[in-house]
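In: Following is a predicted model, sequence given first.
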Amino acid sequence: MRKIILSVILITILVLTFISNFIIADNPIPAEAVKFDTGDTAWMIVATAFVLLMTPGLGFFYGGMVGKKNVISTMLQSFMAMVIVTILWVVVAFGLAFGPTIGGIIGNPSSNLFFEGVGTNTAWSLAPTIPFMLFALFQAKFAIITPALITGAFAERVRFWAYLLFMVLFIIVIYTPLAHMTWHPDGVFFKMGVLDFAGGTVVHMSAGWAALAGAIFLGKRKIQKVNPARITYVLLGTGLLWFGWFGFNAGSALGSNGLAVQALGTTTVAAAAAAMAWVFLDKILGHKLSALGACIGAVVGLVAITPAAGFVSISHAIFIGLFAAIVSNLVVSKFPKGKIDDALDVFACHGVGGMVGMLLTGVFASKAINPVVGDNQGLIFGTPTLFINQLTALVIVSIFAFVGSYILFFIVNKITPLRVTEEKEELGLDISQHGEFL
């Protein structure tokens, strides 16, 4: 049956792309093309490439943490996110995220199927200095890494084909509505005044809550305590993630400008502060200063500063990094490992880090840093409105992402079993799922 389904998918895409000019309405190029800023365009091309690099970086980051029998499978889950989500984004998901609004919740994809109308001679309303297609491709990289983040929670026990199906459903049902509500000018969160510079809600909170739902639904691994296969992979992955995150955050300024530089600065110091706080706290709690701890701390800092990167000062970015690392470290140490097997602490790091970042954006956002903030500045400036809006969005997103993801896991499991058998788990996913090994 699976062979038939895959054959139908391939043939359908082949046919639709071949006859696309007959079935999709023709949108002629305007007689007078938009004049774009070459500096902004050049930077956003580079930033787009940076963000794509984060996903294989995540593959190394996660792959180094799991047991030796599951390194290839874990890394391949990230790689296949680049493959599947890219096609899905072009075919329909971009329109769902950024098409004309339907109730402020989701976009109408009909005008952007197969990137129809997403060309190089028009611009997105909030990014007028770069081609529309460049904006769409930049956003694709955010969609790619989000389901890849979730994989750390159910590492070492998920069937690969079931994961691919979940990934498709997650992008369509969870990710695109959140992107639309948060970043589309007609989205409900956008109109509320919720601030999310580069994906605290859309990427990290959604991935964190979905990860928790997946860990609960799939249950515990047969052997929870495994030695990390390659700490060097984790170090390499952290370096690639940190490097790529500059495109993630500074690129979200959508231009080569002072705001991009501010986001670059806040991203740098938040990651460094969080790594420092994590290893210091480990020592305070009686643990050794480890490479793994330093890497996890840096990533938590990157997560936490993401929603705030273009709205806060450098000193407040340091506070966000320090505070997020302390909170996430304590959550990791207190998380009920015996009951919920979030294998790589995705919820504690990405979910909690994203929530801390969203709330602290509501505390520290300043119109002196970004005029978009307006008079509804952070709580520290005596204005509570933004903080309340951030908290409201946090609650809504948490419920939607967790409940929605749990339902998706249930649906996928009804279609095809999510979890491998005990025998295949014992053998390792590299051999049992892919016929490969280190």
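Out: Okay, I see it.

In: What mean pLDDT does stretch 425-438 get?
Out: The average pLDDT for stretch 425-438 rounds to 93.

In: buried residues in it?
Out: 425, 428, 429, 430, 432, 433 (16 or more other CB atoms under 10 Å). No exception for glycine: its C-beta is placed from N, CA and C like everyone else's.

In: Which elements pack onto the longest helix belonging to the chain?
Out: Secondary structure of the chain per DSSP state H: the longest helix is helix 385-415. Helix 385-415 makes packing contacts with helix 160-170, helix 176-183, helix 188-192, helix 206-218, helix 352-364 when contacts are defined by 3 or more CB pairs under 8 Å, 6 or more residues apart in numbering; DSSP states H and E.

In: 6 Å - rerun?
Out: On a contact count with 3 or more CB pairs under 6 Å, 6 or more residues apart in numbering; DSSP states H and E, helix 385-415 meets helix 160-170, helix 206-218, helix 352-364.

In: Distance from that helix to the middle of the chain?
Out: Centroid displacement of helix 385-415 relative to its chain, using CA atoms, centre = their mean, to the nearest Å, is 14 Å.

In: try stretch 136-147
Out: Taking mean C-alpha positions (CA atoms, centre = their mean), stretch 136-147 and its chain are 8 Å apart.

In: for stretch 86-100, same thing?
Out: Its chain's C-alpha centre and that of stretch 86-100 lie 16 Å apart, by CA atoms, centre = their mean.

In: How about residues contacting it?
Out: 106-109, 112, 114-115, 136, 140, 143, 171, 176, 179-180, 184 (CB atoms under 6 Å, 6 or more residues apart in numbering).

In: cool, stretch 329-348 as well?
Out: If you take CB under 6 Å, 6+ apart as the criterion, stretch 329-348 is touched by 62, 65, 152-153, 155, 208, 211-212, 215-216, 220-221, 224, 278, 281, 328, 352.

In: So which bits of it are buried?
Out: Residues of stretch 329-348 classed as buried by neighbour count (16+ other CB under 10 Å): 329, 331, 332, 335, 341, 342, 343, 344, 345, 346, 347, 348.

In: Can you get me a residue count around the nearest residue to the fifth one once chain neighbours are set aside?
Out: So the one you mean is residue 341. Counting by CB to CB, 6 or more residues apart in numbering, residue 341 lies nearest to residue 220, which is 4.0 Å off, once chain neighbours are set aside. Residue 220: 14 surrounding residues under other CB atoms under 10 Å.

In: got a pLDDT number for residue 23?
Out: For residue 23, the model assigns a pLDDT of 67.

In: residues contacting residue 237?
Out: Here residue 237 is in contact with 57, 60, 61 (criterion: CB under 6 Å, 6+ apart).

In: all strands for the protein, in order.
Out: Secondary structure of the chain by DSSP state E: the strands cover 101-102, 106-107.

In: distance of residue 275 from residue 59?
Out: Here the distance between residue 275 and residue 59 works out to 21 Å (CB to CB, to the nearest Å).

In: what does residue 402 give?
Out: Taking CB to CB, one finds residue 402 at 25 Å from residue 59.

In: What of residue 112?
Out: Separation of residue 112 from residue 59 (CB to CB): 29 Å.

In: if we can go back for a sec, quick check: mean pLDDT across the longest helix of the chain?
Out: On average, the pLDDT along helix 385-415 is 98.

In: Same check on stretch 279-295?
Out: Mean per-residue pLDDT for stretch 279-295: 95.

In: List the buried residues of it.
Out: So, applying 16+ other CB under 10 Å, buried residues of stretch 279-295: 279, 280, 281, 282, 292, 293, 294, 295.

In: Kindly reformat the helices and strands packed on helix 385-415 as TSV containing mean neighbour count.
Out: Formatted as TSV, the helices and strands packed on helix 385-415 follow (neighbours: other CB atoms under 10 Å):
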stretch	mean neighbour count
helix 160-170	20
helix 206-218	26
helix 352-364	27
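
In: Reformat the ones you listed as CSV; add mean pLDDT.
Out: Below are the helices and strands packed on helix 385-415 laid out as CSV (pLDDT from 0 to 100):
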stretch, mean pLDDT
helix 160-170, 97
helix 206-218, 97
helix 352-364, 98
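
In: Which of those sits closest to residue 8?
Out: helix 160-170 (14.3 Å; CB to CB).

In: picking up where we left off before, most widely separated two among the buried residues of stretch 425-438?
Out: Using CB to CB, the pair of the buried residues of stretch 425-438 lying farthest apart is 425 and 430, separated by 11.7 Å.

In: The helices and strands packed on helix 385-415 into JSON lines, with extra columns for distance to residue 313?
Out: Converted to JSON lines, those look like this (distance: least, CB to CB, whole Å):
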{"stretch": "helix 160-170", "distance to residue 313": "35"}
{"stretch": "helix 206-218", "distance to residue 313": "26"}
{"stretch": "helix 352-364", "distance to residue 313": "7"}
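
In: Skipping adjacent residues, who's closest to residue 422 in space?
Out: residue 222 (6.0 Å).

In: distance of the residue lying closest to residue 347 once chain neighbours are set aside from residue 227?
Out: Nearest residue to residue 347 in three dimensions, chain neighbours excluded: residue 212, at 4.2 Å (CB to CB, 6+ apart). Separation of residue 212 from residue 227 (CB to CB) stands at 25 Å.

In: Run through this protein and note the low-pLDDT ranges.
Out: For the chain, applying pLDDT under 70 flags the ranges 21, 23-33.

In: do that again at 80, thanks
Out: Within the chain, the stretches with pLDDT under 80 are 1-2, 20-34, 335-338.

In: For residue 132, give me its contacts.
Out: Residues in contact with residue 132 (CB under 6 Å, 6+ apart) are 118, 122, 123, 124.

In: so can I have a markdown table of these showing distance to residue 302 and neighbour count?
Out: Shown next, in a markdown table, are these (distance: CB to CB, whole Å; neighbours: other CB atoms under 10 Å):
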| residue | distance to residue 302 | neighbour count |
| --- | --- | --- |
| 118 | 29 | 23 |
| 122 | 33 | 16 |
| 123 | 29 | 19 |
| 124 | 25 | 21 |
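
In: Report the two of those residues separated the most.
Out: Pairwise distances among the contacts of residue 132 were taken by CB to CB; the largest, 10.8 Å, belongs to 118 and 123.

In: can you give me the helices in the stretch 51-200 of the chain?
Out: Taking DSSP state H, counting those that start in this stretch as the criterion, the stretch 51-200 of the chain carries its helices at 71-88, 94-98, 132-150, 160-170, 176-183, 188-192.

In: neighbours around the residue nearest to residue 295 when sequence neighbours are not counted, how many?
Out: Nearest residue to residue 295, sequence neighbours excluded (CB to CB, 6+ apart): residue 238, at 4.0 Å. Residue crowding around residue 238 was assessed by other CB under 10 Å; the count is 26.
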